[in-house]
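>>> take a look and give me a structure for this.
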Amino acid sequence: MAERYVMSVDQGTNSTRCILFDHRGRLVSVAQREHRQHFPRPGWVEHDAVEIWQNLRRVVPEALSDAGVGTGQVAAIGLANQRETTVLWDRRTGTPVGRAIVWQDTRTAPLVEDLMRRPGEEFFLRRCALPPSTYFSALRIRWLFDHVKGVEQRAKDGEVLFGTIESWLIWNLTGGTDSGLHITDATNASRTMLMNIHTLTWDDELLDFFGVPRAMLPEIRSSAELYGEARSLLPGVSITAALGDQQAALFGQTCFSPGEAKCTYGTGSFLLLNTGTDVVRSRHGLLTTVAYKIGDQPPSYALEGSIAITGALVQWFRDRIGLISSAPEIETLARTVQDNGGCYIVPAFSGLFAPRWRSDARGVIVGLTSYITKGHLARAVLEATGWQTREVVDAMNADSSVPLQQLKVDGGMTANNLLMQFVADVLDVPVVRPMVAETVSLGAAYAAGLAAGYWPDLEVLRRNWHRAAQWLPDMDPGRREGEYGNWQRAVERSLGWAGPPPRPS
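Presented below is the predicted three-dimensional model:
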């Protein structure tokens, strides 16, 4: 009997990937295509949803061909996606209403300011557990209603559909204009500001407030269950999972128990802590989100800390400052010195995210003296990621009854051993990296395979997880806290550089 595999589609901010995994969670083949980033105005970021769908149509056959696998050998399909990115499309033609508005886009900032005044943050926190922010989808829908003529009425009439990217792809995979499934999962729905975090249903008061008609919204389903069969690309293959990319990474890292956490280090970084079935409302600048929901089991929740600039700071150091020619060179350069020489870099290029949420902050370099060399600057660049991680973990420990004992890491920056050691040092907990680095794709595959019976339970998935590297804390506690105090003083100097002065708290 031919070997069977689970297919994972990872539709990310920069590219679409299709990966096949076997029973042991090993990567069998991968195909990937980038899509164009559109920046029509300052602060605007857009994607062409049709281009993304066309790229999926290309990478699926490539992944199958590279592995020598036929459609009949695919046991199930799972999707992970860039969250919050908003697509509106015509139900009858399948044509998007303009480009997709990407999660990084900040055009809705004036709406956020209005929401903070009316009706205020508490109104939203009680219902969806999210503060008003340019991150979330509801404000993008409202912006499109206000700026694209006729689209609001068409949505009320049921002619225009809304979805995040997984909804758009599933709709196309299952028939599109010919009765395609219009669904989302609880993790993606929890990032819209429209779903009640407790009931996992669209909230009438939030829909009324934003003026979003229920007719345009997808049905909310579990993260892992049988959605339906593909009719395009992989006819007859079951689609059984969808998760937002960071929740998929948490699942792929097998963080199934309360207190287990992962951090994905990429352009920015996202740290998620499993809080179990408890909806833990953050009092320290974190987001409460759905971690995953498996079938008819109760949902698991998470606290999330989003860091805007981590790997992007290394890119800036390479491309704008020109002190290195490739990202890996920063570790070599940083190792030419023993410490940062008293220099700290706060990369608030577009404000600070968790746990401070200060849009008025801008990047600063402090502690410069004639002693500082490019090696000290390189070390300060890496240490900025460590200190930002420490701030998020401190907030999580303050919010959660289960303090962090270990941090599982993934993403491109984990190849930097100096950085990972520094993260372990400043957190004072072990940092571990798995054998399979593609944790977003693996998490979507795991959820799909569970729903399809390819894997029997979570314990089997835990046994698939193998450690590739570990870093243990080895920093003097006095030095750790002294340098952390310096970092916090540096952050204070980054505040108030952009926009009007902050309102009194």
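>>> now do the helices in the stretch 301-450 of the chain.
For the stretch 301-450 of the chain, the helices defined by DSSP state H, counting those that start in this stretch occupy 311-316, 329-334, 374-399, 417-427, 439-452.
>>> for residue 295, which of the ones you listed is the nearest?
Shortest distance between residue 295 and these, using C-beta to C-beta, is found for helix 439-452: 6.7 Å. The C-beta positions use only the backbone N, C-alpha and C, and glycine is treated the same way.
>>> just checking, what packs against the closest one?
Secondary structure elements in contact with helix 439-452, counted by 3 or more C-beta pairs under 8 Å, 6 or more residues apart in numbering; DSSP states H and E, are strand 5-11, strand 15-21, strand 74-81, strand 224-229, strand 238-244, helix 245-252, strand 261-265, helix 458-464.
>>> turn those into CSV, including mean pLDDT.
Output for these, formatted as CSV (pLDDT from 0 to 100):
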stretch, mean pLDDT
strand 5-11, 96
strand 15-21, 94
strand 74-81, 96
strand 224-229, 97
strand 238-244, 97
helix 245-252, 95
strand 261-265, 94
helix 458-464, 93
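>>> mind putting these into TSV with mean neighbour count and distance to residue 496?
Listed next are the helices and strands packed on helix 439-452 as TSV, based on neighbours: other C-beta atoms under 10 Å; distance: least, C-beta to C-beta, whole Å:
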stretch	mean neighbour count	distance to residue 496
strand 5-11	29	38
strand 15-21	24	37
strand 74-81	28	36
strand 224-229	20	45
strand 238-244	30	33
helix 245-252	31	30
strand 261-265	27	28
helix 458-464	15	47
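>>> flag the shaky bits of the stretch 351-500 of the chain, pLDDT-wise.
Residue ranges of the stretch 351-500 of the chain with pLDDT under 70: 499-500.
>>> on that earlier part again, could you export the helices and strands packed on helix 439-452 as JSON lines, including distance to residue 406?
Formatted as JSON lines, the entries for those read as follows, by distance: least, C-beta to C-beta, whole Å:
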{"stretch": "strand 5-11", "distance to residue 406": "25"}
{"stretch": "strand 15-21", "distance to residue 406": "24"}
{"stretch": "strand 74-81", "distance to residue 406": "23"}
{"stretch": "strand 224-229", "distance to residue 406": "25"}
{"stretch": "strand 238-244", "distance to residue 406": "22"}
{"stretch": "helix 245-252", "distance to residue 406": "14"}
{"stretch": "strand 261-265", "distance to residue 406": "8"}
{"stretch": "helix 458-464", "distance to residue 406": "14"}
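>>> thinking again about what came up before, what's the most buried one of the helices of the stretch 301-450 of the chain?
Among these, the stretch with the highest mean neighbour count (mean count of other C-beta atoms under 10 Å) is helix 439-452, at a mean of 30.
>>> could you tell me how far that one lies from the centre of the chain?
When distances are taken as C-alpha atoms, centre = their mean, to the nearest Å, helix 439-452 is centred 16 Å away from the chain's centroid.
>>> ditto for stretch 386-395
The chain centroid and the centroid of stretch 386-395 are separated by 17 Å, computed with C-alpha atoms, centre = their mean.
>>> do stretch 186-203 as well
In terms of C-alpha atoms, centre = their mean, the centre of stretch 186-203 is found 16 Å from the chain centre.
>>> in it, what counts as buried?
By neighbour count on 16 or more other C-beta atoms under 10 Å, the buried set for stretch 186-203 is 186-197, 200, 202-203.
>>> in helices only, show me those.
186-189 (DSSP state H).
>>> so which of the helices and strands packed on helix 439-452 comes closest to residue 119?
Scanning the helices and strands packed on helix 439-452 with C-beta to C-beta as the criterion, the closest one proves to be strand 238-244, at 26.6 Å.
>>> other residues contacting that closest one?
Contacts of strand 238-244 with the rest of the structure, by C-beta atoms under 8 Å, 6 or more residues apart in numbering, involve 75-81, 83, 164, 166, 170, 173-174, 183-185, 187-188, 191, 221, 223-230, 251, 292, 443-445, 447-452.
>>> just to revisit the earlier point, for the helices of the stretch 301-450 of the chain, give me JSON lines that also has distance to residue 354.
Supplementary listing: the helices of the stretch 301-450 of the chain in JSON lines, determined by distance: least, C-beta to C-beta, whole Å:
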{"stretch": "helix 311-316", "distance to residue 354": "16"}
{"stretch": "helix 329-334", "distance to residue 354": "24"}
{"stretch": "helix 374-399", "distance to residue 354": "6"}
{"stretch": "helix 417-427", "distance to residue 354": "15"}
{"stretch": "helix 439-452", "distance to residue 354": "20"}
